[in-house]
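**Q** Can you look at this prediction? I've put the sequence above it.
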Amino acid sequence: MIKNLLSTIALVSTVLSVNAQSFSGMYPFTSVSTSTATGNTGTTDPTPVPTATGLTFGSFTAVGTPSNTSAGGVFAFSGWTTGATNGNDTYSAMTQTVDLTKYYDVSLTPQVGYEVTLTSITFNMNRSGTGPRTFVWRSNKDAFAANLPVSAGTNTNVSVQASDVFLWTVDSYTSSAQQKGLSVNLSGANFTSQTTAYNFRFYPYNAEAAGGTFRIDTVIFNGSVSLATGIGRLQFDLNSNFKVYPVPSYDGVVFIESKSQDITKIEVVDVLGNVVLLNTKNESKVKLNLADMPNGNYFVRMYSGNSVSTKKIVVIK
């Protein structure tokens, strides 16, 4: 009996750990427009966003910039913090650090029941003759505190300085000077098997004039999406206000207890994101009977006051 039970658990763990699908989600900015006939598209990219199973892509927005884009077919804005001098290519002579009030912003949100791992971001960029000379990427995974690691590849007009700062190295500009395939390298726990939203901010600064523009194009997010995986992950968050047990459940019965105030609502969600059971009783301890549900992986979302917590459970009957 025990041997069969362990075999069943191993099988479930194996099944849940497969189904990872790689994706490359590209933002081409093709619908960005300065058309006088239809109007300027403003600070939010209207281009349809990329799609990937288990992941919701948000639209790029410009924050702290003028309300109108300065070019079509790319994401281009002016109004960046000045700090570079026309004709001076010395990085140490540039006076500004990152201006946290002016940036491009985008979010990628894992859907319920999925985990998302990101590996890299690639993008193209350009600047006008007086546009920003430096730019960095940051994320919400450390509250936008540190620059993400980057690479300039073989681009001749861009280099990487200390602390992962991109620098436009030559004070010159031509219409063909777009730098292609610059990359942000993502790894480690903050970008592996995440179930909460990724939020990225891209900060240009050290412009030579307030009217100088900075343009990004062909931004591609690379990674993989999988169903929430592994028996080992199906453990309780010790800092949570909720206790869920037993995990796994071998008869379909699951108990939920609140350590503080009463539970006001419980949703049981399947791996496709469908709510398969709803409980709205106001209790401190709730018994859920999932005996009629198919064996498999489920998620319990619990509400109590202003607290919301999601736990993973497995039903094996």
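**A** That came through, no problem.
**Q** going forward, measure contacts and count neighbours with C-alpha atoms only.
**A** OK.
**Q** buried set for the helix or strand Glu267 falls within?
**A** Assigned by DSSP states H and E, Glu267 belongs to strand 265-269. By 16 or more other C-alpha atoms under 10 Å, the buried positions in strand 265-269 come out as 265-269.
**Q** mind giving me JSON lines with those and columns for distance to Asp164 and pLDDT?
**A** Output for the buried residues of strand 265-269, formatted as JSON lines (distance: C-alpha to C-alpha, whole Å; pLDDT from 0 to 100):
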{"residue": "Lys265", "distance to Asp164": "45", "pLDDT": "87"}
{"residue": "Ile266", "distance to Asp164": "44", "pLDDT": "89"}
{"residue": "Glu267", "distance to Asp164": "43", "pLDDT": "86"}
{"residue": "Val268", "distance to Asp164": "43", "pLDDT": "89"}
{"residue": "Val269", "distance to Asp164": "41", "pLDDT": "83"}
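**Q** ok, back up a step: for the next helix or strand after the strand holding Glu267, name the packing helices and strands.
**A** Sequence-wise, the next helix or strand downstream of strand 265-269 (DSSP H and E) is strand 275-279. The contact analysis (3 or more C-alpha pairs under 8 Å, 6 or more residues apart in numbering; DSSP states H and E) places strand 275-279 against strand 265-269.
**Q** Would you mind getting the angle between the strand it packs on and strand 275-279?
**A** Angle between the axes of strand 265-269 and strand 275-279 is 160 degrees (criterion: axes from the mean of the first three to the mean of the last three C-alpha atoms, to 10 degrees).
**Q** Can you show me the CA trace of strand 265-269 as CSV?
**A** Presented in CSV, the C-alpha positions along strand 265-269 are these (Å, rounded to 0.1, in the frame of the first residue of the first chain):
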residue,chain,number,x,y,z
LYS,A,265,-14.6,33.7,0.8
ILE,A,266,-12.9,30.7,-0.6
GLU,A,267,-12.4,29.9,-4.3
VAL,A,268,-11.1,26.6,-5.5
VAL,A,269,-9.4,27.1,-8.9
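**Q** Can you tell me what sits against it?
**A** For strand 265-269, contacts defined as C-alpha atoms under 8 Å, 6 or more residues apart in numbering pick out 112-113, 275-282, 298-304.
**Q** okay, now Ala143: neighbour count?
**A** By the criterion of other C-alpha atoms under 10 Å, Ala143 has 9 neighbours.
**Q** which residues in this protein form helices?
**A** 2-17 (DSSP state H).
**Q** which residues of it score low on pLDDT?
**A** Of all residues in the chain, those with pLDDT under 70 make up the ranges 1-20, 172-176, 228-240, 273, 306-307.
**Q** how is it carved up into domains?
**A** Following automatic domain parsing, one finds the domains of the chain at 13-227, 234-315.
**Q** Deepest-packed of those, please.
**A** Using mean count of other C-alpha atoms under 10 Å, the stretch among the domains of the chain with the largest mean neighbour count is domain 13-227, at a mean of 18.
**Q** what's the spacing between that domain and its chain's center?
**A** 12 Å (C-alpha atoms, centre = their mean, to the nearest Å).
**Q** Run through the strands of the stretch 1-150 of the chain in chain order.
**A** 21-27, 55-57, 61-63, 75-77, 103-110, 114-127, 134-139, 150-151 (DSSP state E, counting those that start in this stretch).
**Q** Adding distance to Arg201, write the ones you listed out as TSV.
**A** Output for these, formatted as TSV (distance: least, C-alpha to C-alpha, whole Å):
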stretch	distance to Arg201
strand 21-27	15
strand 55-57	14
strand 61-63	10
strand 75-77	14
strand 103-110	5
strand 114-127	12
strand 134-139	5
strand 150-151	14
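**Q** how about those, which one is nearest Ser193?
**A** Closest of these to Ser193 is strand 114-127, at 4.8 Å (criterion: C-alpha to C-alpha).
**Q** Name the residues that touch the closest one?
**A** Residues contacting strand 114-127 (C-alpha under 8 Å, 6+ apart): 54-55, 110, 173, 177-187, 191-195, 212-229, 271.
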